[in-house]
Structures are given as structure tokens and as C-alpha cells.
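1. build the 3D model from these lines:
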Amino acid sequence: MVEYQQKDHYSIDDLLDIVRLLRGEGGCPWDREQTHESIKSDFIEETCEAIEAIDLKDTELLREELGDVLLQVVFHCRIEEETGSFTFDDICDGICKKLIIRHPHVFGDVLAENTDQVLKNWDAIKMETKGQESYTETLKSVAKSLPALMRAQKVGKRAMRAGMDFRCADDAIACISNEKAELDSAVAEGDKQHIYEEMGDLLFSCVNAARHLGIDAEQALKDSTEKFIKRFSITEEMTKADNIDMKTLPIEKLDVYWDKAKEKINMEENNNDKD
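-> The predicted structure is shown next:
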């Protein structure tokens, strides 16, 4: 057992001390065994839970989940601090300097009258500070660990800044039809690799269209998935009410229940709008 003073209220310094104790002699065996690689998935999970709290508009849950995200930052920092690589203060120093450098319109004498000018300056400064000498480098720097839709949309946005983009949303939408035709052709050929490539191209074209329409592709798919689950749930409830196991029904009959579920949801939404 390690000695530690119990408090009514703790600060970031306390968190740093607690993680240090957990990782130290006499600390927690599990915490001492962890590496960047062993807990990197936890970082993703905690971040996603914080995002869910934002979606739920649950401020108390968000407070808790942000604490979990902060713990991940401190924990990874402690692993490096043990090797003498960097400290938490170094992290704070780095991000403060980055913010000051990238906001010359606030901390310097650069003028930025609107958001577009701010973003333009930000991109230019980012390229300079990261030593990026080409637009290709900016595309390659988009993290491969991002969700595929999110990464595709970000890559498309950076390509746009280099002039490589559709002229308008209509052109981007038309590309979906072209890619769908190429996918149909690949399916007719029966070539799995070709089908794989064309499916990817079709998805990428959908992301580009979403970007031109001002839609977050990742969020749109997330919401559509939730909508599907809701309709599926009502469909299952209806089949159970008729004493039918839905998996025994042919798809044609399931579609009938599915349409009824869709109608039920639409009616509920219309009633809510009236209220």
C-alpha cells in the first residue's frame, strides 16, 4: 500500500502523482505492465465515449468521460517520462507554443477578418512548421488510424485546397453514378479484386459528394445506422406480435413489415413535430 493524502478536491497535479504512484514500485501490477501499444485501443474507446456524451448532450457524463480521456494522456505521458523522453510540462509547452504560432491574428500582427482567412493562415503555418513542401505531403499526413469515412473526407478537403476537386456538388453527385456503373461492370465480370476496388471508389465518391453538400459523412452514416436499428427493432416487434420468428420469413414478406415499421416511425415523427 502506498501512502497518499485523501482530499475533497483534486487537481491535475494530483492526477500526475496518482499515475506516477500506480506505475511505481508498490503500485498496481496491471498499470506497471502497460505500454503505449497495449492501451492504445483504450484511448480510442474513451474518446468515442466522450463523443457519445456530447451526442447525448449529457454534461455530467461528458465531465466523467473527459476525465477518462485526460487519464489516457497522462498515462501515455508517464510512460515516456519514465524513459526521460518528455514530461507533461513538455506537452503543455508544445501545445501552447503551437496555438500561439498558429494564431498570429490574435498573438501577432496578422490580420484575419473572417474564418476563411483564419483557416487559410492556419494551413500555411501548419505546412511551414511541419516542413511540408508539397500538397501531397499534406494528404499523406492525414492519420491512417482515423475512421475511413472521416479520413477520406479530410483527404478530399485537403486536395480541394490544391485545386483538385469537383466544380460543384452536382458534379460530385454525378460521379456517384459513374462509379456505380463501374462497380456494376466489375460485378458482371466476377473479378473479386476489381469489385473491391470499385466499391472503394464508390464509397470515396459518396464522401466527396457529402463534403460538397456540407454533410459530415461519418455522422451521416452513424445516424443512418441508428435509423436502421430502430426500424429493425420495430420490425421484429411486429413479427413477434404475429407469433412469427422473423428469420423464417422470406425477404419479400419481411419487406412488408419493414414498410409498416417505416410508416409507424414517420407517423410518430409527424406527431412530435405537431406537438
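2. what's near enough to touch the residue nearest to Leu254 when sequence neighbours are not counted?
-> Ranked by C-beta to C-beta, 6 or more residues apart in numbering and with sequence neighbours excluded, the top spatial neighbour of Leu254 is Met246, at 6.3 Å. Bear in mind the C-beta positions are built from the backbone N, C-alpha and C, glycine included. Remark: with contacts taken as C-beta atoms under 8 Å, 6 or more residues apart in numbering, Met246 is in contact with Thr235, Glu236, Thr239, Lys240, Leu254, Tyr257.
3. so which of these is the closest to Glu81?
-> Checking the contacts of Met246 against Glu81 with C-beta to C-beta, the nearest one is Glu236 at 51.8 Å.
4. which strand or helix spans the closest one?
-> Using DSSP states H and E, Glu236 falls within helix 217-241.
5. now which of the contacts of Met246 would you call buried?
-> Among those, those buried by neighbour count (16 or more other C-beta atoms under 10 Å) are Thr235, Glu236, Thr239, Leu254, Tyr257.
6. the helix or strand containing the last one packs against which elements?
-> Secondary structure assigned from DSSP H and E places Tyr257 in helix 251-274. For helix 251-274, the helices and strands in contact under the criterion 3 or more C-beta pairs under 8 Å, 6 or more residues apart in numbering; DSSP states H and E are helix 217-241.
7. neighbouring contacts of the helix it packs on?
-> Contact partners of helix 217-241, identified using C-beta under 8 Å, 6+ apart, comprise 147, 149-150, 152-153, 206-207, 210-211, 245-246, 249, 254, 257-258, 260-262, 264-265.
8. okay, now Ser145: neighbour count?
-> The burial metric for Ser145, expressed as a neighbour count using other C-beta atoms under 10 Å, is 8.
9. then Ile176?
-> Neighbour count for Ile176, taken as other C-beta under 10 Å: 15.
10. that one reaches Leu203, doesn't it?
-> No: checked against C-beta atoms under 8 Å, the pair Ile176 and Leu203 is beyond contact range at 9.9 Å.
11. now do the worst-scoring helix or strand of the chain on mean pLDDT: everything it contacts.
-> Counting by mean pLDDT, DSSP states H and E, the weakest-scoring helix or strand in the chain turns out to be helix 115-129, with a mean of 82. Helix 115-129 has contacts (C-beta under 8 Å, 6+ apart) with 98, 101-102, 104-105, 110-112, 132-133, 137-138, 161.
12. C-terminal to it, what's the next element?
-> helix 135-140.
13. show me what that next one is packed up against.
-> On the basis of 3+ C-beta pairs under 8 Å, 6+ apart, helix 135-140 makes packing contacts with helix 115-129, helix 148-161.
14. quick one: mean pLDDT for the shortest one?
-> Yep, that's helix 148-161 we're talking about. Confidence over helix 148-161 (mean pLDDT, whole number) is 92.
15. next: stretch 176-192.
-> Averaged across stretch 176-192, pLDDT comes to 96.
16. go on, stretch 216-228?
-> If you average the pLDDT over stretch 216-228, you get 93.
17. one more: stretch 243-257?
-> The average pLDDT for stretch 243-257 rounds to 93.
18. switch the buried ones among the contacts of Met246 over to CSV; also include distance to Ser224.
-> Written out in CSV, the entries for those read as follows (distance: C-beta to C-beta, whole Å):
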residue, distance to Ser224
Thr235, 16
Glu236, 19
Thr239, 22
Leu254, 19
Tyr257, 20
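19. widest-spaced pair of those?
-> Taking C-beta to C-beta, the two most distant members of those are Glu236 and Leu254; they sit 10.0 Å apart.
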